[in-house]
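# below is the sequence, then the predicted model.
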Amino acid sequence: MKDRHGGETRGAAGWIARLHVPATVNDLSPIAQRFIFRLRVVAVYRKAGRDPLAELTSRVGSITVAVKSLQLFESMAHVWPEPVHVQRCCCQILSHDELTIARALEAIAENNVDGFDAQLADLMPSDTRKTIANAAGELIVAEFG
C-alpha cells in the first residue's frame, strides 16, 4: 500500500517508537533523581508500616530536606488520581508516575510554571497544582538554600 502521507507517517511512527523506550533515572536532573530515590524509600517504609523520616534524614543528611520531601509526597499522594506507582529502589527504569513527578519537579527547579502545569494539568485542578508547586519550591529551597 502506498504511503500517502510520506514524512508525516514516518514521523508519527518514530514518535510512537520512542514511547516504547522506557525513561531511566539517568535521564533526570540530579534533583529529580534524588527525589525519585526518596519517593521509593518512602514507599518501602510505608509498605512495611514504618515511619521513613529517620531513614530519609540519614540518607540526605538534613532533617529539613527529609521533612520537605515527606510534605511533598503527602501533598501529591492526597490528590493523585490513583495510588502512585513506584519502582523498586534498585530499578533504573521509571514508572509513568515517577516520570511525571520528576518532570514536574524539574520544571519547578527551572522556575517554569507553565512546564509544571503541563505535566500535571490532566491529573489535578489548578488550585491543587499550586499547592504542589509551593511544596516543590520549598523542597528545592531546602536542598539548595
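Structure's in. What do you need?
# averaged pLDDT, the helix or strand hosting residue 129. What do you get?
Using DSSP states H and E, the element containing residue 129 is helix 126-144. The predicted model assigns helix 126-144 a mean pLDDT of 95.
# for stretch 61-72, same thing?
For stretch 61-72, mean pLDDT rounds to 97.
# identify all contacting residues around that stretch.
Contacts to stretch 61-72, defined as Cβ atoms under 8 Å, 6 or more residues apart in numbering, come from residues 35, 38, 42, 52-53, 56-57, 60, 132, 135-136, 138-139, 142-143. For the C-beta atoms, the positions are set from N, CA and C on the backbone; glycine is no exception.
# please name the residues that touch the residue lying closest to residue 118 once chain neighbours are set aside.
Of all residues not flanking residue 118 in the chain, residue 107 sits nearest, at 7.8 Å (Cβ to Cβ, 6 or more residues apart in numbering). By Cβ under 8 Å, 6+ apart, residue 107 lies in contact with 113-116, 118-119.
# mind checking which of the residues you listed land in helices?
Applying DSSP state H to the contacts of residue 107, the entries found in helices are 113-116, 118-119.
# out of these, which is most surrounded?
The most crowded member of the ones in helices among the contacts of residue 107, judged by other Cβ atoms under 10 Å, is residue 116 (24 neighbours).
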